[in-house]
Every structure is written in C-alpha cells, then in structure tokens.
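**Student:** sequence first, predicted coordinates after that:
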Amino acid sequence: MPAAETLSVTPLSDTPFGCTVQLPSYANNDPANLNDSDFTALYESVHKHLVVVIPGQAELSPKSQYELTKRFDPSIPQPKESSGAGYGHGKEFRHEQSVLRKDGTTVKSQPQVQILGQGTFEANEPGNENGEFISLTHPSHTSFHHTPLTDAQIKHDHRTRFYRWHIDSALYDLSPPLVTTLLGIKVPPATQTQNIVYEDSDEKLELTQGATCFVSGAQAFRNLSEEDKAFALATTVEYAPHPYIVISPAGATSDGLTMVSEGKEIPFDKLPEWEASKVKKLPMVWTNPVTHEHHLQVHGCCLHKLHTTKDGHTTTLELEAARKKAHQLMRPAISPQNVLAHAWKQGDLVIFYNRGVWHSVTGEFKGVNNGKDERRLMHQCNIASGYDPKTEV
C-alpha cells in the first residue's frame, strides 16, 4: 500500500482496543519526522486506542525512537538525558538484587533505549547496535512465580503464563512514563502458539509465542461495581521503596497480578539507601487527558499499602490485605475477552499509553530449539515524566 499524505489510523479488528498507523510519505518511514499536525493525530490515537502499531520499522534508529518517545511528554526533565537515568535504569533496575536485573542492556549510543530479547548476538549481526557480543534473556514466569508450570506443562502442553502485569515505572523517586515504544528488530516467525490456562476458572487464552499482552485500565475501571469504583477513586497506592528489590525473594501469583504474601520481602532497613520523600504514593485511578476516562492503574506486584480517604477519614490496608484487594479489583480485567495479545512481526513498532494500560510479557523461548532460531531482539524506550498522574473526579 503506498504511503498517504497524512497519518492514517485503522482500528484493529477482533481485539478489545488498539490500532495500526500508516505514516505519511513525507516522513520517509521515520515517525520522528512527523509534522506537528500528524504528531498530534498520533498522540491522540495513542490515548484513544491505547496501543498503536506502526509496521515496517525494523531499520528505525535508536536516536529516532528516543526522539519520538520524548516528544510525547514535554515535561521530561532535561538534565538526566545524557546519562539515560531519566527512567530509572542503573542503580534502580541493574542492582544485583532487583527482579529486573536481567531484563536487557543499554544501547551505548542512545542510553535511553534498552535492548531486550532472547539469545546471543555477535558483534557484527544486523540489528546489534552495540557492536559487541550481547546475551539476552527473555523473562520467564519460571523464575518469578511462586509455583511455576512444570516442564511437562511447558514442553508438551505448550503452556505459558502472564509473567507480570505492570506499568513501566521505577515506582521510586521517578514518575511513570507517559508512553513506551517497543520495536521488534528480530522476531521469530509467529508459527508457534502457546496457551494460558486460568487456574481460577475454566478460561483459556491461545496466543503466539512471546506475545505482549495488554489490558485497558479504562475498561478495568468501567467493569468495577459502583462500590468498587468509589473505593478506587478514593484510594492512594503507596509503593515500597526500591520495590523491585523488596519483592525479589518473593514469588508472584500464577496470574502475574501480584505477589504471594509469605513474609519473604526484603526488610526496608536492609535495602540500599532510600528517602521517605521519594517513596511513590500514586492515585489508584488516573485520568486520560484526551478521553477524560478513568483508568484503574495499579502495579500489583510492587504496592505496599492502600490508603482510602472517605469523609475526611483515612483507612489503610497493609501489605497482605492491600494485595488481596488489588487482586480482586484487577482480576476481571485480564479475562481473555479483555486482553490484546500482540503477535509480533519483524519491524513492528508498538507505542502504548503507559498511563492507560497494564501489560505483560508471555512466552517461553529457548534461543535455538531443534535447529529453529528462536532468538529475539527488541528496543524499548520510556522516560520518566516530570509529573505524577492525577485523577479528575
């Protein structure tokens, strides 16, 4: 299909939300080149459709991906750009105790962009921006869930799980990014399917190997009872300091929504240095600035407490009770009919509204399996915002 003169938006079919975008011809297949009018259309599409797919972007440079991502949020602080620290990589994510410590490496020429994937890549391989040998590990629930699937369930039943439903954010000191851009540079052919079996119901979701799953926070909020909507609107989520380190000894629930409470968390006095003023306390409900819809936005694995204020009085749910309440509110949203499971094609650039969706990795990869190349190489960019999300009631 020839490129149009203006940005073209087409809703995805047979999915709960999402759209594809065709770039105008003048952009030369680089979304960073969009004029102000077409970028405004893209900005609104991300907020309305929540997940936007721009195909054919395998050659997109890390510089263009960064510039495009940054353009969505003029509030992004400037001083930290050169170090790539604006999102919270480095000390927060690369700490040896963090559950995120194996999740990729940094593009040397553009440190705001992270390299994710599975398998080893030689220095001279196409797509390897760093020009040196890199080894990548696809996150697997087997190293994060309290009770993972058995080898037989994975190998013979072709099962997988939602690894961890989350919002991209350091959740300490830094504010959540507005958008995330995720680029599939090398993607195995979408010929193998895997299944998610819901262990608390008879539901089942079939998806392609390594699909990234999304759910709408707006739909999650709409589906709540009136009582739960009132609770969510009145509640602030307090996250743990250095939350990805705190939860590292614990195990996640089988649906990836939160953690199993067994008292295994690292005590706060055993953490790297932290300041109470930098602990994140965020609304449970965030307002979409374009649609003005309410989105239920909770990182269930990293929360520490829930504070609910009604008639001037605040009640607090401590860790175990807070996890149970968050799980009760979030669980209906991940039923199969609500999930957008993006089946990656090489060159897909996915832009998602990080303050309006939750997402999860799925899939089990081996790197090379019976002679089949299952390696995957991706670039991800998201940058901490200059302001916290708010709820407008």
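**Tutor:** Yes, it's here.
**Student:** C-alpha from now on. contacts and neighbour counts both.
**Tutor:** Fine.
**Student:** what's the single longest helix in this structure?
**Tutor:** helix 36-49 (DSSP state H).
**Student:** mind listing the strands for the stretch 101-250 of the chain?
**Tutor:** Along the stretch 101-250 of the chain, the segments classed as strands by DSSP state E, counting those that start in this stretch run 105-106, 113-121, 134-136, 179-186, 193-197, 204-208, 212-216, 235-239.
**Student:** quick one, what contacts Thr308?
**Tutor:** Going by Cα atoms under 8 Å, 6 or more residues apart in numbering, Thr308 touches Phe231, Ala234, Thr235, Thr236, Thr314, Thr315, Thr316.
**Student:** just the buried ones from those residues?
**Tutor:** Neighbour-count burial (16 or more other Cα atoms under 10 Å) is assigned, among the contacts of Thr308, to Phe231, Ala234, Thr235, Thr236.
**Student:** that older thread, in the longest helix of the chain, what counts as buried?
**Tutor:** Asp38, Phe39, Leu42, Tyr43, Ser45, Val46, His47, Lys48, His49.
**Student:** touching, the fourth one and Phe72? I think so.
**Tutor:** Same thing as Tyr43. Yes. Assessed by Cα atoms under 8 Å, Tyr43 is found in contact with Phe72 at 6.9 Å.
**Student:** low-confidence ranges in the chain?
**Tutor:** Within the chain, the segments meeting pLDDT under 70 span 1-3, 78-103, 367-372.
**Student:** so where do the helices sit in it?
**Tutor:** Assigned by DSSP H, the chain shows helices spanning 36-49, 62-71, 151-155, 217-222, 226-233, 243-246, 319-330.
**Student:** of the strands of the stretch 101-250 of the chain, which approaches Val339 most closely?
**Tutor:** Judged by Cα to Cα, the one of these that comes nearest to Val339 is strand 212-216, at 5.2 Å.
**Student:** who does the closest one pair with, and is each partner parallel or antiparallel?
**Tutor:** Using DSSP bridges, the strands paired with strand 212-216 are strand 340-342 (antiparallel), strand 357-361 (antiparallel).
**Student:** can you dump the C-alpha atoms of it in CSV for me?
**Tutor:** Taking C-alpha atoms only, strand 212-216 is exported to CSV below (Å, rounded to 0.1, in the frame of the first residue of the first chain):
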residue,chain,number,x,y,z
THR,A,212,3.0,-9.0,24.6
CYS,A,213,-0.4,-8.7,26.3
PHE,A,214,-2.2,-5.5,27.2
VAL,A,215,-5.4,-4.7,29.1
SER,A,216,-7.2,-1.3,29.2
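**Student:** now do that strand and strand 204-208, the angle between them.
**Tutor:** Relative orientation of strand 212-216 versus strand 204-208 (axes from the mean of the first three to the mean of the last three Cα atoms, to 10 degrees): 130 degrees.
**Student:** so which residues make contact with strand 212-216?
**Tutor:** Identification of contacts with strand 212-216 by Cα under 8 Å, 6+ apart yields 17, 50, 162, 295, 333-334, 338-344, 356-362.
**Student:** hmm, try it at 10 Å
**Tutor:** By Cα atoms under 10 Å, 6 or more residues apart in numbering, the surrounding residues in contact with strand 212-216 are 16-18, 49-51, 162-163, 165-166, 207, 222, 295-297, 333-344, 352-353, 355-363.
**Student:** counting neighbours, which of those residues end up buried?
**Tutor:** Buried residues within the contacts of strand 212-216, defined by neighbour count using 16+ other Cα under 10 Å: 16-18, 49-51, 162-163, 165-166, 207, 222, 295-297, 333-334, 336, 338-344, 352-353, 355-363.
**Student:** endpoints of stretch 345-362, how far apart?
**Tutor:** 15 Å (Cα to Cα, to the nearest Å).
**Student:** I misspoke; the intended subject was stretch 332-351.
**Tutor:** 24 Å.
**Student:** just give me how far that stretch sits from the chain centre.
**Tutor:** The gap between where stretch 332-351 is centred and where its chain is centred comes out at 11 Å by Cα atoms, centre = their mean, to the nearest Å.
**Student:** thinking again about what came up before, out of the buried residues of helix 36-49, which comes closest to Pro241?
**Tutor:** Distance to Pro241, by Cα to Cα, is smallest for His47 among the buried residues of helix 36-49, at 29.4 Å.
**Student:** got the contact list for that closest one?
**Tutor:** For His47, counting by Cα under 10 Å, 6+ apart, the contacting residues are Leu178, Val179, Asn288, Pro289, Val290, Thr291, His292, Phe352, Tyr353, Asn354, Arg355, Gly356.
**Student:** ok, the closest residue to the last one other than its chain neighbours - how many residues close by?
**Tutor:** With sequence-adjacent residues excluded and distances taken as Cα to Cα, 6 or more residues apart in numbering, Gly356 is closest to Gly217, at 5.3 Å. Neighbouring residues of Gly217 were enumerated by other Cα atoms under 10 Å; the total is 26.
**Student:** tell me who's in contact with Gly217.
**Tutor:** Contact analysis of Gly217 by Cα under 10 Å, 6+ apart lists 50, 223, 285-286, 288, 293-298, 330, 333, 354-358.
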